[in-house]
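**Student:** Got a predicted model here, sequence first, then my questions.
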Amino acid sequence: MELKNMLALAARTGRHMQRYNIFGHRQVVGCIPYRYRSRGGASMVDEEDIEVLVITAQRKGKGVMFPKGGWEIDESIEEAALRETVEEAGVVGDVEHKLGKWSFNSKNRETFYEGHMFPLLVKEQLEFWPEKDIRQRIWISVREARRVCEYWWMKEALELLVNRLTSASPPKTEVVSLARAAANVALIANA
């Protein structure tokens with residue numbers, strides 16, 4: 001079995017390795033997976049050239065979002081962002097320079113979270129991934145993502161991504177090793 005398909009065997013669960021900030025807020029990380037539509041030789045990218053990948057919530061009828069989840073103590077922030085994206089959306093690619101950090105309330109409004117979002121230029125979609133049976137992944141336009149994304153802070157991250165991609169300067173890329181991400185998932189699966 002190929003290494004990237006081994007990655008899809010088990011998702012991390014539980015919060016015993018979860019990171020919290022100095023205020024006791026759970027730290028979550030995520031990615032906005034994106035790809036380019038055929039540009040036909042255009043030198044500048046505009047919004048219509050970009051597609052983003054959203055996923056459905058675990059519970060049906062609860063909207064769509066970008067992949068995100070807990071940042072754990074044994075991984076870098078970029079590794080956590082890639083791991084969560086592989087687990088929830090089944091895509092692999094290059095994690096780019098962080099879009100930002102947000103503070104937001106939990107769904108039940110009782111807890112604050114600290115969220116970090118990264119762009120992920122998708123290089124490959126996996127056939128199998130840990131949450132394949134509980135989530136759908138859907139490629140949509142930026143315009144549609146603005147309309148359907150469940151969280152305000154993810155919409156702000158999307159705007160930052162679009163501004164970055166449509167400006168003249170190329171994004172910085174933090175290449176996270178797929179082998180390292182697979183090793184982390186394998187450690188948890190064997191624990």
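**Tutor:** Nice, thanks for sending it over.

**Student:** just the strands in the protein please.
**Tutor:** For the chain, applying DSSP state E gives strands covering 26-36, 50-56, 64-65, 68-70, 91-96, 100-105, 112-125, 137-141, 173-174.

**Student:** Could I get these in a markdown table, plus columns for mean neighbour count?
**Tutor:** Quick note: C-beta positions are derived from backbone N, CA and C, even for glycine. Output for the strands of the chain, formatted as a markdown table (neighbours: other Cβ atoms under 10 Å):
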| stretch | mean neighbour count |
| --- | --- |
| strand 26-36 | 23 |
| strand 50-56 | 22 |
| strand 64-65 | 20 |
| strand 68-70 | 22 |
| strand 91-96 | 22 |
| strand 100-105 | 14 |
| strand 112-125 | 20 |
| strand 137-141 | 16 |
| strand 173-174 | 15 |
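
**Student:** Redo these as a markdown table? Include distance to Met17 and mean pLDDT.
**Tutor:** Output for the strands of the chain, formatted as a markdown table (distance: least, Cβ to Cβ, whole Å; pLDDT from 0 to 100):
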| stretch | distance to Met17 | mean pLDDT |
| --- | --- | --- |
| strand 26-36 | 12 | 96 |
| strand 50-56 | 23 | 97 |
| strand 64-65 | 23 | 96 |
| strand 68-70 | 8 | 95 |
| strand 91-96 | 20 | 97 |
| strand 100-105 | 20 | 92 |
| strand 112-125 | 16 | 96 |
| strand 137-141 | 26 | 97 |
| strand 173-174 | 21 | 52 |
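
**Student:** Dump those to CSV, plus distance to Ala157.
**Tutor:** Formatted as CSV, the strands of the chain follow (distance: least, Cβ to Cβ, whole Å):
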stretch, distance to Ala157
strand 26-36, 6
strand 50-56, 10
strand 64-65, 11
strand 68-70, 10
strand 91-96, 12
strand 100-105, 6
strand 112-125, 4
strand 137-141, 15
strand 173-174, 16
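
**Student:** beta partners for the residue positioned nearest the centre of the chain?
**Tutor:** Residue closest to the average C-alpha location in the chain (Cα atoms, centre = their mean): Cys31, at 2.4 Å. Taking DSSP bridges as the rule, Cys31 bridges to Phe118.

**Student:** Out of the strands of the chain, flag the one nearest Ser76.
**Tutor:** Distance to Ser76, taken as Cβ to Cβ, is lowest for strand 173-174 among these, at 8.7 Å.

**Student:** Could you give the number of residues near Arg37?
**Tutor:** Residues contacting Arg37 under the criterion other Cβ atoms under 10 Å number 12.

**Student:** now do Trp153
**Tutor:** 18.

**Student:** in the lengthiest helix in the chain, what counts as buried?
**Tutor:** In terms of residue count, the longest helix belonging to the chain (DSSP state H) is helix 152-166. Within helix 152-166, the residues scored as buried using 16 or more other Cβ atoms under 10 Å are 153-154, 157-158, 161-162, 164-165.
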